[in-house]
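[1] Mind folding the following:
(chains A and B)
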Amino acid sequence: MKIKVKVSRFDPDKSPERYFSEYELEVSEGMTVLDGLIWLKENADPTISFRYSCRMGVCGSCAMMINSYPHLACHTQILEITKSVLVLEPLCNHANVRDLICDFSAFFEKHRTIKPHLLREDAEKLDLTGEISQTPQELESYLQFSYCIKCGICVAACPTCATDKEYLGPQALAQAYRYTQDSRDAGGDKRIEAAAEGHGIHHCHYAGACSEACPKGVDPAFAIQLFRKQMVLRSLGLKETRPPAGEMPPMTLNPKPNIPKPPEPTIK
Amino acid sequence: MGRLRDNRLGIAGWGYAGRYGFERYAYFFQRLTGLGILLYFSLHIFVTAYRAFGEQAWTRVMSGVDKPFFKLGEYMLFMAVAYHALNGLRVLFSELGLFMGKPIRPVYPYETSLKRQRPLFFIVMALAGVIIVMGGLDLIRYFRP
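    Sure thing, here's the model as predicted:
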């Protein structure tokens, strides 16, 4: 089946305005948007610029607007979207560098603002050969939000990001909750301080588009609401701050009998 | 930075958003009705300020607004308030993490909190609808006494 593909083109060296290039593409069943783009680049127009890496929905590089909805190009089959016209544009609410490529520096800067790593005062004293204990329930409370691949789709879907350039955005705020909720972490107060800033969490009004569009099922809108609940409970003194989970010695396993011992190290 | 093209959707992006669920449009109408109510309050203060100029001025301005056009405007305000208040309650509940379930493992096909709170959304919209229809009956009585 042949379809028409319209690709948004932008080259600041040539013009400050974008335009659309049109191509014809022979589509077969199972062909993804990324497959189609690669075919077009190899056979029709080598100047089309787009970003991709893993081709399997893990790296998040190929996020773009596909018929006005943000998707991963490698994760979207063309025939599931259209049988006539496919329109490809760069992600909304991100600055456009060229054709389908967006600048993610502001996005990552906002991500850094919320300190996306475990914070604890005793980090230097931890015995790194051990483990920090965590119950399955504690893990489940944040695991869903840790699958974020930083593709920027949630920001493209968010109506608040459409008008507020400084807004931290669903990705950063969801990650603020993900790390604050982690029982190994003790940096909740610092993240709450960062998230409660003027363009922070209070600008989210649960439009939910970020959760709908997320290609990994992270549900950032839910994380943001849970984070806000936690902030309210903390400010009312109804939720006590807990110390971070403590260390556990490495588990001593009793090996089964009849299993041969490993060879002696060759380098001493 | 001058070489980058600003690709934010702007205010138009609140209204047109593509194939999203109800909640994104509820967000847009919440803002729209909020601005409408704010506009009404400005006009309300302007109109009631005539009370300061004496009884005659007050009677004149009140007879000026007692017209079908303003009655229709009042009904639109009523609709906006009904929607804004009830949807606002839903958003308030959501912002406190209520009626949204618990975090789950993201197993395809993914289920989001939106689906879990959608019954609340429909209840709230149905309530707003009932209130708006009841207000509409009152408006019909005004036009057909």
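[2] which parts of the longest helix seen in chain A are buried?
    Residue-count comparison of every helix in chain A, with assignments taken from DSSP state H, identifies helix A:220-235 as the longest. Along helix A:220-235, the positions that meet the burial threshold by neighbour count (16 or more other Cβ atoms under 10 Å in any protein chain shown) are A:220-231, A:234. C-betas here are computed from N, CA, C, even on glycine.
[3] tell me the domain boundaries of chain A?
    Residue ranges for each domain of chain A read A:2-103, A:105-240, as given by automatic domain parsing.
[4] Output the ones you listed in TSV; the columns should cover mean pLDDT and distance to chain B.
    Output for the domains of chain A, formatted as TSV (pLDDT from 0 to 100; distance: least, Cβ to the nearest Cβ, whole Å):
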stretch	mean pLDDT	distance to chain B
domain A:2-103	96	4
domain A:105-240	93	3
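[5] looking at those, which is buried most?
    When you average the neighbours per residue for each of the domains of chain A (mean count of other Cβ atoms under 10 Å in any protein chain shown), domain A:105-240 leads with a mean of 20.
[6] Quick one: end-to-end distance for that domain.
    Here the two ends of domain A:105-240 are set 36 Å apart, with distance taken as Cα to Cα, to the nearest Å.
[7] still on that earlier bit, for the longest helix of chain A, enumerate the helices and strands it packs against.
    helix A:169-181, helix A:188-195, helix A:209-213, helix B:68-95, helix B:113-143 (3 or more Cβ pairs under 8 Å, 6 or more residues apart in numbering or on different chains; DSSP states H and E).
[8] centre of the chain versus it, how much separation?
    19 Å (Cα atoms, centre = their mean, to the nearest Å).
[9] and if you look at stretch A:44-54?
    Using Cα atoms, centre = their mean, the offset of stretch A:44-54 from its chain centre is 21 Å.
[10] ditto for stretch B:101-114
    From the chain centre to the centre of stretch B:101-114 is a distance of 29 Å (Cα atoms, centre = their mean).
[11] quick one: buried residues of that stretch?
    Applying a neighbour-count criterion of 16+ other Cβ under 10 Å, one finds B:Pro103, B:Ile104, B:Pro106, B:Tyr110, B:Thr112, B:Ser113, B:Leu114 buried in stretch B:101-114.
[12] The closest residue in space to B:Met76 that isn't next to it in sequence in helix, strand or coil?
    Of all residues beyond its chain neighbours, the one nearest B:Met76 is B:Gly36 (7.4 Å), with distances taken as Cβ to Cβ, 6 or more residues apart in numbering or on different chains. When classified by DSSP: H, G, I helix; E, B strand; the rest coil, B:Gly36 comes out as helix.
[13] what do you get for A:Glu80?
    Once three-state DSSP is applied, A:Glu80 turns out helix.
[14] do A:Val5 as well
    Judged by three-state DSSP, the three-state class of A:Val5 is strand.
[15] how about the helices and strands packed on helix A:220-235, which one is nearest A:Ile267?
    Nearest of the helices and strands packed on helix A:220-235 to A:Ile267, taken as Cβ to Cβ: helix A:169-181 at 38.1 Å.
[16] now for the closest one, which elements pack on it?
    Identification of packing neighbours for helix A:169-181 by 3+ Cβ pairs under 8 Å, 6+ apart yields helix A:105-113, helix A:136-143, helix A:153-157, helix A:188-195, helix A:209-213, helix A:220-235.
[17] Please state the offset of it from the chain centre?
    Mean-position distance between helix A:169-181 and its chain equals 11 Å (Cα atoms, centre = their mean).
[18] One more: stretch A:97-116?
    For stretch A:97-116, the distance between its averaged C-alpha position and the chain's averaged C-alpha position is 11 Å (Cα atoms, centre = their mean).
[19] One more: stretch A:145-162?
    For stretch A:145-162, the distance to the chain centre is 6 Å (Cα atoms, centre = their mean).
[20] so how far does it reach from one end to the other?
    Across its full length, stretch A:145-162 reaches 23 Å end to end, with Cα to Cα as the criterion.
[21] May I have the residues that are in contact with A:Met248?
    Neighbouring residues of A:Met248 by Cβ atoms under 8 Å, 6 or more residues apart in numbering or on different chains: A:Gly130, A:Glu131, A:Ile132, A:Ser133.
[22] Can you pull the phi/psi pair for it?
    Backbone dihedrals for A:Met248, given as degrees, to the nearest 10, come out at phi -120, psi 140.
[23] So in terms of bridging, what pairs with it?
    Residues found in beta-bridge contact with A:Met248 (criterion: DSSP bridges) are A:Glu131.
[24] Return the distance of it relative to chain B.
    Counting by Cβ to the nearest Cβ, to the nearest Å, the gap from A:Met248 to chain B is 24 Å.
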